[in-house]
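[1] next come a sequence and a model predicted from it.
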Amino acid sequence: MNLELALAAGISGGTLFLIAAIGELFAERSGILNLGVQGMMFVGAMVGFWIGSDVNPWLGLLLAMAAGALLAGLHGVVTIHLQANQIVSGLALTFLGSGLAVVLGDGLAPGSGPLLPVITVPLLSQIPVIGVVFFTGHSILVYVGYLLVPLTSIWIFRTRPGLHLRAVGEQPSAADALGVNVYRQRYFYTMLGGALAGLAGAYMTMSLVPGWHANVTFIAQGWIAVALVIFGQWKPGRTAFGAYMVAFVSRLALDLQDPNALPEWIYNPFYEYQPATFFLNMAPYVLVILVLVFAAREANRKRIGAPAALGTPYVRGERGH
Amino acid sequence: MTGNALAVEMRGIVKRFPGVVANDQVDFDLRTGEVHALLGENGAGKSTLMNILAGLYQADEGVTRVRDQTVEFSSPRDAIEVGLGMVHQHFTLVDSLTVTENILLGLDEPRFWMDLPTYEAKVGKLAEETGLAVDPTAKVWQLSVGEQQRVEILKMLYRGANILIMDEPTAVLAPQEIEELFQTLRGMTASGASVVFISHKLDEVLTIADRITVMRRGLVTAAGVPAEGKTKRDLAELMVGREVLETVDKATMPSGDVVLEMQGVSAISDRGLIALDNVDLRIRSGQIIGLAGVAGNGQSELAEVITGLRECTGSIAVNGQELANHPVAEAIDAGVAHVPEDRTGTGSAPNLSLTDNLIMKSYRSEPIGHGWSLDSSEARVQAQTLKDEYEVSAPSIDTEARLLSGGNLQRLILAREISSEPGLMVAVQPTRGLDVGAIETVHKLLLRQREAGMAVLLISEDLDEILMLADRVAVIYEGHISTSIPTEEAKIDELGLMMTGSIADAAVEAAPRA
Amino acid sequence: MSTSAPTGRHLIPFGLHMERRLGTPRGLGTITTIGAFIVALLIAAVIIWLAGGDPINAYAHIVRSSLGSTGVLSDTLVKATPLIFTGLACAVAFRMRLWNIGAEGQLLMGAWGASAIVLIGVFPEGTPSFIYLPLMMLAGIAMGALWAGIAGWLRARLNVNEIITTLMLVYIGFRWVQFWVFGPWSDGGFQMSPRFPREAWLPRLTDHSDIVSDFAGLTIHLGFALAVVAAVVVWVFINRTRKGYEIRLIGDNPRAAKYAGINIGGTIILVMLISGALAGLAGASEVSGVVHRLQDNFSPGYGFTGIIVAFLARFNPLGVVVAAIAFGALILAGREIQPAGIPAMIQGVVLFCVIASDVFLRYRVRVVRR
């Protein structure tokens, strides 16, 4: 078992979570909880692969993002304009997106090989360890992921639109009173979140595990992305760290399933008893729970929390008592 | 300095909400350089009218002109563009952002990159020029209420507003701060700004206004009359249509047993700051203790530690039973009733029926609760009885609580709390936002319970209310409670000084602690 | 003059005027739900058609293969049984705004618990039903409650989001069952346990076909009766007990509940235990009444469908029975419909339409010419 390769796999696998989580981060910062990330990822995965293998990979990416944004727009209409319960709307979209992807993707032949360019950065990949882990043989979207984190951070904390975003998520009535269009902001960031979720899905079927496999119903990536936003305290850097970490641990768990993974002198339960690998399969999910517990305890201590208006529909001009 | 030019002209304004006509053919005008008071009790329609002017609502009918140009505002932004800004009663500030960030919110400048130091300097300069001192780099949640109001005003001035609408601005200020505000307003109008001053407080209106418009139930009863020569009685009649200056018959009560004894109580607020600092308080049965103070000095936390909703150090005993840090249910069983500040957020369940709301305290015991089960027909009987007795106006006991008006909701809450026959009642801002009739009802109910031997802790920002109802008065400031003194001996200016922390205790007369 | 809707730009020449309702007329909830269901079916039909399927055929097939005869009716009710349980599980939790999304995991653990009673080999051959069955059901209740209780405790004590924890526990539970089914309990290396002895089967109508010949082939089992009883019990619990009142109060306004002296943390844990117990019963009744063994992937997502059932029933326990039968029909017929994702998609569309239709309960909507 090669630790460097495992770390590199953590980076490439983590990018999947990262992109979706950043999208969700934007949406939640604006006050909208979007649990439909899973469904949007699926639709993006299907559209990306289909267009990407039949027509053109870049068009595939674009349309995958559009598909995700469209679904997110539905979520927006229902939660922003119709003020429905955001949690349930997100769930409905998860079912809808997953089912839709399978229905529309029926008959797609599993392809061969990655559809997106794989890049090894010339100088940087020579650096021992770090070069292998971060800059060697990664899909182009991994590098996009690297850029996404600082860009997101700058956008949210250093720009005027970012100021509006934060205001809309914390105290929409204040923003509204000053002429910031709360509805428009929320739509924009929710759809941006959907687009990024679609992109993440496309990344999966076009780069990470290339091909379309119909029994995709039991994958949890979208949910993990949502958990990561909470762990990341709605900050891009921390979220990214969580994403890479969860992917790394998943990869370790996968590697350990090979009976020959560990040196002979370490007792390897899987050598003895094959079904024990199922416990390893549990690892990422247990990790996510632990991550959430950790984040919750920290939030309690430091009295930090979600954007104050998260999950609450905004209605202007309510006559209060 | 009033000229004759009209800054604002509103003609024939009509605005309907489900079930009520908030503005019924209302005319209103504002002259340049004047302070024009818009007077009326809660629910008269004055806030609605100004919300229309400020662009938050759109009128159903009518015309608005600003400086002789017809305008149609579809959002507050449009209003601000023509120099018209509103400072709301409930501040629209984002707590987690700084003063400067709040002021910059919604503006086109800075274009993209937030260059905070430059703008902080600008804001600082404006603050100095207008005498509204505040730290541009402070986060809003750290500011006092008075300072937050200054930020709200600065927000408007920074945008070049010279028509300012102030909605009940003095509700959250201590007497000295009110004086400062009035000076600021006078300064502004002297340099050509025009101010609309919404209020229901007759004294203040007579002090600051040049002209007064009175509204009642959506109609104008006095349009732009000069303030000079008017008396409180005149205004009161215009506000309510009858002589309204409330008089209360307060029977003298003999000194009863101690019901509430608090010693050395300290507590921390949600923000982690000290809310209560070594507080002592004693209330006897048949006594109303009025606690005056500007919002945010520990009142909420005080009510919460007594009713078991917050942790504290020190001792809180009700009828000898130690309750500090004990579960809420124990306080309820010990006879502590709580009329909370937040009627809709804490005091009621908006989507549940009146019945469900009325049994909130009584469902655990007979005759409604036996063991596990809940006798719903018994609950309905009790609910109907209370609804009739306390005159809660609603279609039926199955109506959802959120449909009740403020006054009726408060009646419901009082019905629930009083019917549990408590020994101690903690009432926090019980008449806030209510119309005159409802206020009178609440006052009568409190006094009646006092005569029946109940001890009442009345926490209120309304000094008049306290002076009218309470037997003894104390002031809370930054978590400290002053020694209580009999109401007859209280002097308003002294209380005002205590409310702003200038002095700690009233001048000590010979009267011993009750 | 423009309306009171807060958005500005008029791209479309007419718009919606939304006016807040003063009170909700009785029965409007049921009408909008049924309306939403119908709209959802129409939308799903369009999507099926776009994907190259034949919607009319598909729907006709669904009706035929679920309600067409006594035989298939019995099959529908069999499919509905776990849905009633999971629907109840979700309804109880959702009433309190506890989003137990992981009913599927609790179902799996309940199934495992029931199976364990049989497969651990403690009971000798010939142990009668009246020992096996109650123990199996109890084990199902216990394991389901435990599984949900973990998430409940985390939420009550540490305020950890229960949506994600219950969901993660689904995946963990799934693997747990896989371990036993591929490992210690594997029947000759296949992905399933040995068949349960007859005494461990919930009695079915067809078992008594020697007495009543019409019962032959009707696989509806005792679990259905248990489920209906559970629905009634849950209804009584929510509407006629003190705890039920507290649950409703917490669900509407947690701050008011705290002010009223209700122990919110304790109630959260209790409700999650009850919810998990119901979902666990779903699993126990499935392995005992239908599959008669523990095998990998025996549940086509009953736990997730339960979420939709709960919403369609507006959290009303009696409505859950009706909605569960409707979805039972869908799942039954859906097995044969191509493409495979249709049932999931329809479920999503239905849920979506139902919550979107809620707006009619709060607002009166009119189309207005601009």
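    Arrived safely.

[2] can you get me a residue count around the residue of chain B found nearest chain C?
    Among residues of chain B, the one nearest chain C by Cβ to the nearest Cβ turns out to be B:Ala329. It sits 3.5 Å away. C-beta coordinates here come from the backbone N, C-alpha and C atoms, glycine included. Around B:Ala329 sit 15 other residues, with neighbours defined as other Cβ atoms under 10 Å in any protein chain shown.

[3] now it: how far from chain A?
    Applying Cβ to the nearest Cβ, to the nearest Å, the value for B:Ala329 to chain A is 24 Å.

[4] nearest spatial neighbour of B:Asp375, skipping sequence neighbours?
    Distance criterion Cβ to Cβ, 6 or more residues apart in numbering or on different chains; nearest residue to B:Asp375, sequence neighbours excluded, is B:Ile368 at 5.5 Å.

[5] could I get the contacting residues of the nearest residue to the residue of chain B closest to chain C once chain neighbours are set aside?
    Counting by Cβ to Cβ, 6+ apart, the nearest residue to B:Ala329 once its immediate chain neighbours are dropped is C:Gly261, at 3.5 Å. With contacts defined as Cβ atoms under 8 Å, 6 or more residues apart in numbering or on different chains, C:Gly261 is in contact with B:308, B:327-332, B:361.

[6] now, the residues you listed that are in helices?
    Residues from the contacts of C:Gly261 lying in helices, with DSSP state H as the criterion: B:328-332.

[7] mind checking pLDDT for the nearest residue to B:Val318 once chain neighbours are set aside?
    Residue nearest to B:Val318 in three dimensions, not counting chain neighbours: B:Ala334, with 5.1 Å by Cβ to Cβ, 6+ apart. Confidence at B:Ala334, expressed as pLDDT, is 92.

[8] quick check: B:Ala334 vs chain A, distance?
    Counting by Cβ to the nearest Cβ, the gap from B:Ala334 to chain A is 29 Å.

[9] could you do B:Pro254 as well?
    Distance from B:Pro254 to chain A, by Cβ to the nearest Cβ: 37 Å.

[10] isn't A:Gln83 right up against C:Val359?
    Yes. With contact defined as Cβ atoms under 8 Å, A:Gln83 reaches C:Val359; the gap is 6.9 Å.

[11] related to what we said a few turns ago, and the ones in helices among the contacts of C:Gly261, which of them are buried?
    Among the ones in helices among the contacts of C:Gly261, those that count as buried by neighbour count (16 or more other Cβ atoms under 10 Å in any protein chain shown) are B:328, B:331-332.

[12] SS state for B:Thr221?
    The three-state label given to B:Thr221 by DSSP: H, G, I helix; E, B strand; the rest coil is strand.

[13] again with the one 4 residues further on
    Secondary structure, three-state DSSP: B:Val225 is strand.

[14] burial count for it?
    Neighbour number of B:Val225 under other Cβ under 10 Å is 16.

[15] for B:Ile212, see how far away it is.
    According to Cβ to Cβ, to the nearest Å, B:Val225 and B:Ile212 sit 6 Å apart.

[16] ditto for A:Asn300
    For A:Asn300, the distance to B:Ile212 (Cβ to Cβ) stands at 52 Å.

[17] more neighbours: which of these two?
    Of the pair A:Asn300 and B:Ile212, B:Ile212 is the one with more neighbours under other Cβ under 10 Å, namely 25 against 12.

[18] correct me if wrong: that one contacts B:Ala227.
    Yes. Checked against Cβ under 8 Å, the pair B:Ile212 and B:Ala227 is within contact range at 5.3 Å.

[19] which residues touch A:Phe294?
    A:Phe231.

[20] over to it: give its phi and psi.
    Main-chain dihedrals, A:Phe294, degrees, to the nearest 10: phi -60, psi -50.

[21] quick one: the helices in the stretch 101-250 of chain B, in order.
    Using DSSP state H, counting those that start in this stretch, the helices assigned to the stretch 101-250 of chain B run over residues B:116-130, B:145-158, B:175-190, B:202-208, B:232-240.

[22] show me what from the stretch 1-150 of chain B comes close to chain C.
    When proximity is defined as Cβ under 8 Å from any Cβ of the partner chain, the stretch 1-150 of chain B approaches chain C at B:18-19, B:57-61, B:72, B:74-75.

[23] buried subset of those residues?
    Neighbour counting by 16+ other Cβ under 10 Å classes B:57-60, B:75 among the residues of the stretch 1-150 of chain B next to chain C as buried.

[24] chain C contacts on the stretch 201-321 of chain A?
    Counting by Cβ under 8 Å from any Cβ, the stretch 201-321 of chain A sits next to chain C at A:214, A:217-218, A:220, A:223, A:226-227, A:230, A:273-276, A:278-279, A:281-282, A:285-286, A:288-289, A:292-293, A:296-297, A:299-300, A:316-317.

[25] stretch A:28-35 close to chain B?
    No. On the criterion Cβ under 8 Å from any Cβ, stretch A:28-35 is out of touch with chain B, staying 11.9 Å away.

[26] for the chain, which spans come out with low pLDDT?
    All of this refers to chain A. Within chain A, the segments meeting pLDDT under 70 span A:1, A:111, A:214-219, A:259-272, A:303-304, A:316-321.

[27] that's the wrong chain, I wanted chain B
    For chain B, applying pLDDT under 70 flags the ranges B:1-4, B:240-248, B:500, B:502, B:506-514.

[28] pick out the residue nearest the middle of it.
    Against the mean C-alpha coordinate of chain B, by Cα atoms, centre = their mean, the closest residue is B:Arg432 at 4.7 Å.

[29] can you list the buried residues in the longest helix seen in chain C?
    The helix of greatest length in chain C, counted in residues with DSSP H as the criterion, is given as helix C:129-158. In terms of neighbour count (16+ other Cβ under 10 Å), helix C:129-158 has its buried residues at C:129, C:132-133, C:135-156, C:158.

[30] again, but for stretch B:482-491
    Applying a neighbour-count criterion of 16+ other Cβ under 10 Å, the buried positions in stretch B:482-491 are B:482, B:484-485, B:487, B:490.

[31] dump the residue contacts of the residue in chain A positioned nearest to chain B.
    When you check chain A against chain B by Cβ to the nearest Cβ, the closest residue turns out to be A:Gly179, at 2.7 Å. Applying Cβ under 8 Å, 6+ apart to A:Gly179 gives the contacts B:75-78, B:80, B:106.

[32] secondary structure and distance to B:Arg217 for those residues - can I get that in a markdown table?
    Conversion of the contacts of A:Gly179 to a markdown table gives the following (DSSP: H, G, I helix; E, B strand; the rest coil; distance: Cβ to Cβ, whole Å):
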| residue | secondary structure | distance to B:Arg217 |
| --- | --- | --- |
| B:Ser75 | coil | 28 |
| B:Pro76 | helix | 26 |
| B:Arg77 | helix | 31 |
| B:Asp78 | helix | 29 |
| B:Ile80 | helix | 30 |
| B:Gly106 | coil | 35 |
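
[33] adding distance to B:Val442, write those out as TSV.
    As requested, the contacts of A:Gly179 are exported to TSV (distance: Cβ to Cβ, whole Å):
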residue	distance to B:Val442
B:Ser75	37
B:Pro76	34
B:Arg77	39
B:Asp78	40
B:Ile80	38
B:Gly106	39
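
[34] closest to B:Ser144 among these?
    Distance to B:Ser144, by Cβ to Cβ, is smallest for B:Gly106 among the contacts of A:Gly179, at 24.2 Å.

[35] give me the neighbour count for the nearest residue to that closest one once chain neighbours are set aside.
    The shortest distance from B:Gly106 to any residue that is not its chain neighbour, by Cβ to Cβ, 6+ apart, is 3.2 Å, and that residue is A:Leu178. Applying the criterion other Cβ under 10 Å, we find 25 residues in the vicinity of A:Leu178.

[36] quickly note the distance from A:Leu178 to A:Ser98.
    Counting by Cβ to Cβ, the gap from A:Leu178 to A:Ser98 is 40 Å.
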